[in-house]
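K.L.:
Make a model of this:
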Amino acid sequence: MAVKLEEIRLAASRVAASHGLDVVEIELAGPSKERILRVFLEKNAEGRAKLMAAIEAGAVGEGNELLPERLIQETQAGKLKVEQLSGVTHEDCAAFSRDFGVLLDVEDLVPGAEYTLEASSPGLDRKLVRPEDYQRFAGSLVKVQTFEPVRNNRHWQGRLTVVSQASEANPGAPSETITLDLNAVKQNSKSRKCGAPNDRSSSLGWKKAGVSTVEIALVNIEKAQLVPEI
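P.N.:
Okay, here's the model as predicted:
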């Protein structure tokens, strides 16, 4: 019996909602006897709003409604974007795992007896999965890999500046696109050694060629993730 990830995702979302959480992503990896079901969680919209209010108020502590001083200092210093914080605690993950584990077994959503359930925050280098993720993290540095090449390149890194829909005057265009600012990426020493001025197989090569932005259709994005700036 095949594992149906979409059914697992829907079940996880129901349990997460009961705990004031959203499911960011689900992964099932490993061989049949060593499978790991990973669920990445974050506070829902209401929980994130409370998190932002706590940061603005300078609330410090280790409880569910309080933040470690380090996070407050880094967000206030501009080293960390508030939007990148999931707000999920160990208590959140434990409560979710307990309830979701029971549901998985009752509904037999993961056939076979051997699997490990892991619940955690998506991390600062979180993946961008849903269209609303791109809207939320506009202004952040991201890495993108496309299905089909864009300007002969499938790998891009830049600052997410625009998330837009197609114009009504051009209904045949992709429904949603993102624009990356390539000037936001600093050239490191390895790139200086390996990248040639006319090498357009990377973001750096296009940047050197005078191209400052690239537009990518969301349907063409195979995977994308944030690049932490701390």
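K.L.:
Tell me which stretches of the chain form helices.
P.N.:
5-18, 45-57, 69-76, 90-107, 131-136, 189-194, 203-208 (DSSP state H).
K.L.:
Quick one, which of those gets closest to E148.
P.N.:
helix 203-208 (16.3 Å; CB to CB). Placement of C-beta: from N, CA and C, glycine included.
K.L.:
ranking the helices of the chain by burial, who's on top?
P.N.:
helix 203-208 (a mean of 21; mean count of other CB atoms under 10 Å).
K.L.:
quick one: the residue lying closest to A16 once chain neighbours are set aside from L180, how far?
P.N.:
Computed as CB to CB, 6 or more residues apart in numbering, the closest residue to A16 that is not its neighbour in sequence is V23, at 5.0 Å. Distance of V23 to L180, given as CB to CB, to the nearest Å: 27 Å.
K.L.:
hang on, the earlier thing: the residue nearest to A16 and D105, how far apart?
P.N.:
19 Å.
K.L.:
likewise K127?
P.N.:
Relative to D105, and taking CB to CB, K127 is found at 28 Å.
K.L.:
Thought S140 was touching Q84, still the case?
P.N.:
Yes. Proximity of Q84 to S140 meets the contact threshold set by CB atoms under 8 Å, at 7.2 Å.
K.L.:
Show me whatever sits in contact with both of the two.
P.N.:
L226 (CB atoms under 8 Å, 6 or more residues apart in numbering).
K.L.:
And the residue nearest the centre of the protein?
P.N.:
Centroid check for the chain by CA atoms, centre = their mean gives K127 as the closest residue, at 2.7 Å.
K.L.:
what sits against the residue lying closest to that one once chain neighbours are set aside?
P.N.:
With CB to CB, 6+ apart as the criterion, K127 has its nearest non-adjacent residue at 4.7 Å, and that residue is Q225. Contacts for Q225 were tallied using CB under 8 Å, 6+ apart; they are D125, R126, K127, L128, V142, K143.
K.L.:
what's across from Q225 in the sheet?
P.N.:
K127, K143 (DSSP bridges).
K.L.:
just to revisit the earlier point, let me have the helices of the chain in TSV, adding mean pLDDT and distance to N153 as columns.
P.N.:
Listed next are these as TSV, based on pLDDT from 0 to 100; distance: least, CB to CB, whole Å:
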stretch	mean pLDDT	distance to N153
helix 5-18	95	30
helix 45-57	79	34
helix 69-76	65	33
helix 90-107	94	38
helix 131-136	90	19
helix 189-194	38	14
helix 203-208	64	7
